[in-house]
Every structure is written in C-alpha cells, then in structure tokens.
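> I would like the atomic coordinates for the input below:
(2 chains)
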Amino acid sequence: MYHDGKLGAILLFLPPSLLLFSLFVVMPIFNAAELSLYKWSGFGEVTDFVGLKNYANLLSHSVFHQSMWNSVKIILASILLQIPLALGLALLIYRKTPTNTLFRLVFLAPYILAEIASGLIWSFIFDGDYGVSAQIASALSIDPFYILADKRFAFLAIITVIVWKYFGFHMMIFIAALQSVPTELIEAAELDGASPRQVVTYVKLPLIAHALKLSVFFAIIGSLQVFDVIIPLTNGGPSNSTHSIVSYLYTFGLTRLNVGYGSAVGVVLFVFCIFTALTYKRIVIREGKTT
Amino acid sequence: MSRQSGIGSLSRAAALSMAAAFVIIPLLATVLGGFKTIGELRASPFGLPSQWHTEFYMDILRNPVFWSYLKSSLFVSLSAVVITLLCSSMAAYVFAHIRFFGSKMLLSYLLLGMMFPFATAILPLFIMIRDLGLLDNYLGVILPQAAFSMAFAIVLFKSFFEQLPHELFEAAYVDGCGYIRFFFQFTLPLSTPILATVGTFVFVQSWNNYLLPLVVINNRELFTWPLGMMQFRGEYIVEWNKILAFVSLTIFPAIVFFVAAQKYIVAGLTRGSVKG
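Numbers count the residues shown, from 1 in each chain, chains lettered A, B, ... in the order given. Alright, predicted model coming up:
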C-alpha cells in the first residue's frame, strides 16, 4: 500500500519539526504551568510546592498591575493611533506608482530594524542632554528635561517608539488588501457621484474589513510581547513604572531566577494570547459563515 | 473641482512628508551623530556636522570584536534559516500531499505555535536549554528560534505546495518517482520564491532577536550583535557619538538587506495577510 514511499515520507519528513516544536515550544509551556506551582531557584530538586501562592503574589504585586495596564495602553495606542495612521497612509499610497513605492519603503524600514537598535536610537532622541527634549529645553531656556526618567512621560515615549516601529507593518497589510479591491467597484461608485470620502467609507473600508481585523489581532499579540524596545529606553523605570508583561517577567522572574514566579507570569501571558487568538478565530469564523 | 483637488494633493503631500520625516529624522540623526564630537552633538543633535569626524566609525570598524559580533549573528541566523526551511518545508509537503490518519490533528498541533510568543515560556526554556547543556552554545539559540518559526513557515509552505500543478507528480509517479525523491527533485526547486520569502523573515527575526541570546549566551566572545551593542552602550554610556556610530553600523547592513530583499518581505506580509 505504501510502496510509493508515502510511509517513508511521513516517517522521514515529519519528525524533525515535531521534535523541535515539542521540545522547545510545547514542553516549556507545560513545564511553566507545572513550575508555576513551586518555589524554585533553578538549581537542585524541585520540591518546594507552594500551590497558587505565586499567582496570589503576582496578583497582589502593584508593579505587575502597572505592567498589565501598560500592556493595555500599548494595545489601545496600537488600535487608536497606529492602525488609523497606517490605514490613512495606506489609502494615500496603495496605488502602484514609483513615488508611492518609495514612500512604502521608507515607512516599512523601521519594521525590519532590530527593536533593540530602535530603542537605542530613540533613547538618544529623548535624552535630556542631547536629543529633542534638550533642544526644546534650550530653545525655551529652561532646565534640561529627561523624558525617559519622568513618570508622566516615559511611557508615552515608549508608545511613540512602538508606533514608529510598527505602523509600516500594518500599512503593508492594508495596502495588500486595498490593491485587491476591484477597481471597477471604485469607478462605478465614482460614476454614481460618490465623493472620495464616501468611496472610502462605503466601498474601500467594508472590502478590507478582514485586513482590519487581522491587523487588530497582530497589534494585540504584538503588544503583549513588547520587550526589546523597553530595555534600552527605560529598562522598566523610573521606579518600575514602564514595564511590559514580558519585561516584568524578565526582571522579576529571570534575572532573579525566581523560576516558579516567572513561570506564573508566563502562564498568565499565555492565557491572554490564547484568549486573543480564540476570540479572533471565533469572530472571523462567525463572519465567514454569515457572508 | 480642480481647486479642491489641488488642496487635496497638497494636504496629501504634507501628510506623507510629515510621516516620512517622523521615520527618517531619528535615523538620520543617528548616522550623523556618529560623525560629531560629543560637544557638537550636545549643541546640535540634528544638524549636519560642522566637521566630519570619521574616527568614531573607524575605531569600531577596526575593532575585531565588532566583526566577531556580526559573524556570530550571521552564523546563528543562517543556521536558523536552513533548519527552519528544511524542517518546515518537509512537514508542509507531507501535510499538503499525503492524507493519513491524524494528519489534521498534527497540523493543528504545529500551528499552535503561531498563537503565542516565546517569552511566555522563556524561563522553562532557559532551564531546558541549560539541562541539554546548550548554554553558551549557538545551538541553544538556533534550535528554539527554528522551532518558533516553524508554524508560520509551515502555513506558507503548505499553501504554496498545494498550488503546484498536481499533474507533475502524477507524471513523475508513473516514472517510478516516490514522494521523497519528488520533494527534493521537483518540489524544492520549484519553490524558490516561497523559500526566499520564508527565509527572509526567519533571517530578519533571528538577526534582530535579543531576548533569547540574552538568556542563553553569557560568554562575551560568543555575543551576537544585539548583545554586543548593549554591552558597548554600557561601556560608553555618556559618549553618545560612539554609541550612535555603532548603531549606524548595525543599521546599515539591515537597510541594505531590506532594499535587496524587499520583494520577499512585501510578498511575505501580503501573503500572510491574505491567507489570514
């Protein structure tokens, strides 16, 4: 039955990816769930069972609350600032012309730069002695002003960098979707006397609704894993006010080798991601059925 | 009418220029900053340097440690690309062409990997890598990176393989070519566009990755460039001109790569979004 090498192909082609995936993706997640019930420094036997104490500590830690709130703020900023910006630019430059291609390249460039380099670049821009704020301060001849060390503004600075880094990515999703909108539809609407604004609201946007949802999904998943950008900008400071969930995990779980505690943070993050993914799937599938 | 569209195109140009300035000014300030003395950087962070000092750039370029960072990163990224491409294209081929009991289940199992970031399990992952003896070993970075790229790669490969003409396989099959040989002899050579797209994404992700090397690599001689850059920043914390020169030298290859591979990056983004 399997003389044509079907079985051979299955036995040879599947195990490498299954093995790598199970070992480095799935097992660590299960381990995290288990280890989150223990207090463990990472060395010796895992014996100190503490039940849900890690979770209880986590939920009562004000820095964790702040980091959750910060992640929510990143999600809101992505949806309310980044996606509209990306959509607006996509509408301006989705047609294939040489200038549009050039703008597209420029807007996409930050997306492929390393987060860590982007963070470093902007930490210079925001530096009170050298950057933007130094220029403004000296123009107004006031004392130097340290945005990243100021609790009121540090997180706004981080959000600026995140928008800078990722709006091009969302813009590309919208451009791809807009290019697949049939031009006859747009022309027909224009012939019927629709204003450019009406064409956008009644023709283009409904036809790229799928891309919008996808973009929101990516924005949420991406916001939940922000880390690299924060390290060079604020390292979570001042006084732990700018942590994301992941930088919280890194600072309070990993660098102190609180394996149980860090695992509990990981599990919470995992639950958020799965929740987002399932919600997204449900919305998309439900829409798929009705249309 | 024409007056209105004149205002329209003017405001369009203004919006685009402002967005472009938002993107470009920080990058430009970084590159120019590497040519300024520390005093001039303080006085004029955004202007052209009054005198172009090349010594900060040259010092880094003459430093063998800088090149060793880049070499490490290149080795790690290329290895991650090769492993991801090979493993996930093989798996996707099976899922695309062979029906067998449990194939749907296995596929959804692998696709779980798209849903969460590796930061969720970074601590147990660290313990696992340590227990496997892979700390301070590039494999400890390469293998998890490949494992986390797998899901997205399999999705793209599978949909590409399904679109390849089926008659080709039937003809080859009559000639006595089995599934395994067909894969290496026909499927892979026909798949260069998708191999390039997936490879580009895996490469960029691996090249830019900071958290995993940060956790796995402790030995400074093995540092990848993001670790090296943060190390350099720690050493020259107030000498922004040197740091900016360092950052510029790392952005430069990224931009060159971006311009060269943009076709594949755009293809990957649009493909990924159309497929959903």
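> Please tell me how far residue A:158 sits from chain B.
Distance, residue A:158 to chain B, using Cβ to the nearest Cβ, to the nearest Å: 14 Å. No exception for glycine: its C-beta is placed from N, CA and C like everyone else's.
> How about the contacts made by that residue?
A:74, A:229, A:230, A:233, A:234, A:242 (Cβ atoms under 8 Å, 6 or more residues apart in numbering or on different chains).
> nearest to chain B, of those residues?
Distance to chain B across the contacts of residue A:158 (Cβ to the nearest Cβ) is lowest for residue A:229, with 9.7 Å.
> so of the contacts of residue A:158, which ones are in helices?
Assigned to helices by DSSP state H, the following of these qualify: A:74, A:230, A:233.
> What about the closest residue to the first one other than its chain neighbours, how many residues nearby?
Going back to what we said before, that points to residue A:74. Spatial nearest neighbour of residue A:74, excluding adjacent residues (Cβ to Cβ, 6 or more residues apart in numbering or on different chains): residue A:223 at 4.0 Å. For residue A:223, the tally of surrounding residues (other Cβ atoms under 10 Å in any protein chain shown) stands at 24.
> neighbouring contacts of the helix or strand containing residue A:223?
Assigned by DSSP states H and E, residue A:223 belongs to helix A:209-224. Defining contact as Cβ under 8 Å, 6+ apart, one finds that helix A:209-224 is touched by A:71, A:74-75, A:78-79, A:82-83, A:86-87, A:162, A:166, A:169-170, A:173-174, A:176-177, A:205, A:245-246, A:269, A:272-273, A:276-277, A:280, A:283-284, B:115, B:117, B:273, B:276.
> can we see that at 7 Å?
For helix A:209-224, the external contacting residues (Cβ atoms under 7 Å, 6 or more residues apart in numbering or on different chains) are A:71, A:74-75, A:78-79, A:82-83, A:166, A:170, A:173-174, A:177, A:245, A:269, A:272-273, A:276, A:280, A:283-284, B:273, B:276.
> Can you pull the phi and psi angles for residue A:67?
The phi/psi pair for residue A:67 (degrees, to the nearest 10) reads phi -70, psi -30.
> can you put the ones in helices among the contacts of residue A:158 in JSON lines and add pLDDT and neighbour count?
Below are the ones in helices among the contacts of residue A:158 laid out as JSON lines (pLDDT from 0 to 100; neighbours: other Cβ atoms under 10 Å in any protein chain shown):
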{"residue": "A:74", "pLDDT": "96", "neighbour count": "25"}
{"residue": "A:230", "pLDDT": "95", "neighbour count": "28"}
{"residue": "A:233", "pLDDT": "94", "neighbour count": "25"}
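> Pull the number of nearby residues for residue 28.
Just so you know, I chose chain A. 26.
> that's the wrong chain, I wanted chain B
For residue B:28, the neighbour count with other Cβ under 10 Å is 13.
> same deal with the one 4 residues further on?
One way to gauge burial is a neighbour count; for residue B:32, by other Cβ under 10 Å, it gives 20.
> Residue B:84 and residue B:154 touch, don't they?
No. The pair residue B:84 / residue B:154 is not scored as a contact, 9.7 Å apart, by Cβ atoms under 7 Å.
> any low-confidence regions in the chain?
Assuming you mean chain A. Applying pLDDT under 70 to chain A flags the ranges A:1-4, A:285-291.
> Can you look at chain B instead?
For chain B, the stretches flagged by pLDDT under 70 are B:1-5, B:272-276.
> redo that, cut-off 50
Scanning chain B for pLDDT under 50 picks out B:1-3, B:275-276.
> Once you drop chain neighbours, what's closest to whichever residue of it sits closest to chain A?
Going by Cβ to the nearest Cβ, chain A is nearest to residue B:178 of chain B, at 3.1 Å. Nearest residue to residue B:178, sequence neighbours excluded (Cβ to Cβ, 6+ apart): residue A:5, at 3.1 Å.
> Can you report how many residues neighbour that neighbour?
As a burial measure, residue A:5 scores 19 neighbours (other Cβ under 10 Å).
> about what we covered before: could you check the distance from the residue of chain B closest to chain A over to residue B:106?
Going from residue B:178 to residue B:106 by Cβ to Cβ, to the nearest Å gives 21 Å.
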